[in-house]
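Q: next one to model:
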Amino acid sequence: MPRDNKTPLIQNIAKQAYLTYKGLMSSANGENKVVADKLSELISLVTSVRAADLKIAPRKTKLSSGAPGPHNPAVTYMHICETEVFSMGVFLLRTGASIPLHDHPGMNGMLQVLYGKVSVRCFDKREDDLTVSSILPRFDPPLTPLQTASVRRSTLRSVAEYSETSGPCLLSPVRDNLHQIDAVEGPAAFLDILAPPYNPDDGRDCHYYKLLQTAAEEGTDAQSTEDQQGETKEKEEEEEEEEAWLLEVPQPEDFWCGGEPYPGPAVSV
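A: Got it, this is the predicted structure:
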């Protein structure tokens, strides 16, 4: 049987990601037509990728045996490639798994589901930084004085579900930069591209957040409040954006991200 010398789709995605985000980094405002055309082409390529292109088989729907922990993580990551411009890999979530609310400082990115379904809740940080004289709402439960210094004002931008046919979920340094990702109705996996990559030495460390409940919401617990928000379909043109208060927290103790080998075509950039 003759060999198929066609360039793998994931290689084309990597090449286009490099060209796109390299151009974005060197662009004065990141909005010129050349950059927009490159981003459009990248979105088109990413939209077409499927798990089979990366030789990834969908996981079984049933819950994995054993409680999640450092040696049995509910979320794992397959590293594909990384340059100074972007990083690319695949996150795999077990049934019921969640990637906690976190940010991407100064970064662009996109998430494309490969199998299953995920719910993505996106927030924007507000530019009006809080000061010691800022008046905060009353939170339930109340915060300690030390915690109030880690409160961030934000806007809940969207809550939406994505599948392999949805097209990518995008983020930028100022829009949809914070998000929480939950597996819905079974296991899921998604291709993840970030540009530039996380790098604490360059001020791009990952920070985690907890959605706070104000005292005005007494009578409904935080989880039911989140569930109600999740059931509300996004209507950007009809609904006002919702103010939200976030508390920066350490990485949650019940969240671990393990690693596993990437089985797909080799990628070089």
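
Q: let me see the mean pLDDT of stretch 72-80.
A: Mean pLDDT, stretch 72-80: 94.

Q: next one: stretch 212-231
A: Per-region confidence: stretch 212-231 scores 58 on mean pLDDT.

Q: start the count at 46 instead of 1 going forward.
A: With the count now opening at 46, the last piece we talked about shows up as stretch 257-276.

Q: could you pull up the residues touching Q192?
A: By C-beta atoms under 8 Å, 6 or more residues apart in numbering, the contact set of Q192 is L292. Bear in mind the C-beta positions are built from the backbone N, C-alpha and C, glycine included.

Q: from the chain's centroid, how far away is whichever helix or strand it is part of?
A: Secondary structure from DSSP states H and E places Q192 in helix 190-193. Mean-position distance between helix 190-193 and its chain equals 27 Å (C-alpha atoms, centre = their mean, to the nearest Å).

Q: over to stretch 86-98?
A: Between the centre of stretch 86-98 and the centre of its host chain there is 17 Å, according to C-alpha atoms, centre = their mean.

Q: check stretch 200-209 too.
A: Between the centre of stretch 200-209 and the centre of its chain there are 10 Å (C-alpha atoms, centre = their mean).

Q: and the strand of greatest length in the chain, which residues are buried?
A: Determined from DSSP state E, the single longest strand within the chain is strand 196-208. For strand 196-208, the neighbour count (16 or more other C-beta atoms under 10 Å) marks 196-204, 207 as buried.

Q: which other helices and strands contact that strand?
A: When contacts are defined as 3 or more C-beta pairs under 8 Å, 6 or more residues apart in numbering; DSSP states H and E, strand 196-208 sits against strand 153-160, strand 162-170, helix 267-276, strand 287-294.

Q: at 7 Å what do you get?
A: On a contact count with 3 or more C-beta pairs under 7 Å, 6 or more residues apart in numbering; DSSP states H and E, strand 196-208 meets strand 162-170, helix 267-276, strand 287-294.

Q: helices of the protein, start to end?
A: Using DSSP state H, the helices of the chain run over 54-71, 78-93, 190-193, 267-276.

Q: what's the neighbour count on T210?
A: T210 sits with 8 neighbouring residues when counted by other C-beta atoms under 10 Å.

Q: separation between it and K78?
A: For T210, the distance to K78 (C-beta to C-beta, to the nearest Å) stands at 29 Å.

Q: can you check P150 too?
A: Using C-beta to C-beta, we find P150 at a distance of 27 Å from K78.

Q: so for those two, which sits in the more crowded spot?
A: Using other C-beta under 10 Å, the more surrounded residue of P150 and K78 is P150, with 16 against 7.

Q: surely that one touches R249?
A: Yes. The pair P150 / R249 is scored as a contact, 5.0 Å apart, by C-beta atoms under 7 Å.

Q: quick one: contacts of stretch 94-103?
A: Applying C-beta atoms under 7 Å, 6 or more residues apart in numbering, the contact partners of stretch 94-103 are 54-55, 58, 135, 157, 159-161, 209, 232, 234, 236, 308-309.

Q: residues of stretch 58-77 that come out buried?
A: 58-69, 75.

Q: partners of the closest residue to L239 other than its chain neighbours in the sheet?
A: Nearest non-adjacent residue to L239, counting by C-beta to C-beta, 6 or more residues apart in numbering: G154, 4.3 Å away. In this entry, G154 is beta-bridged to L216, L239, by DSSP bridges.
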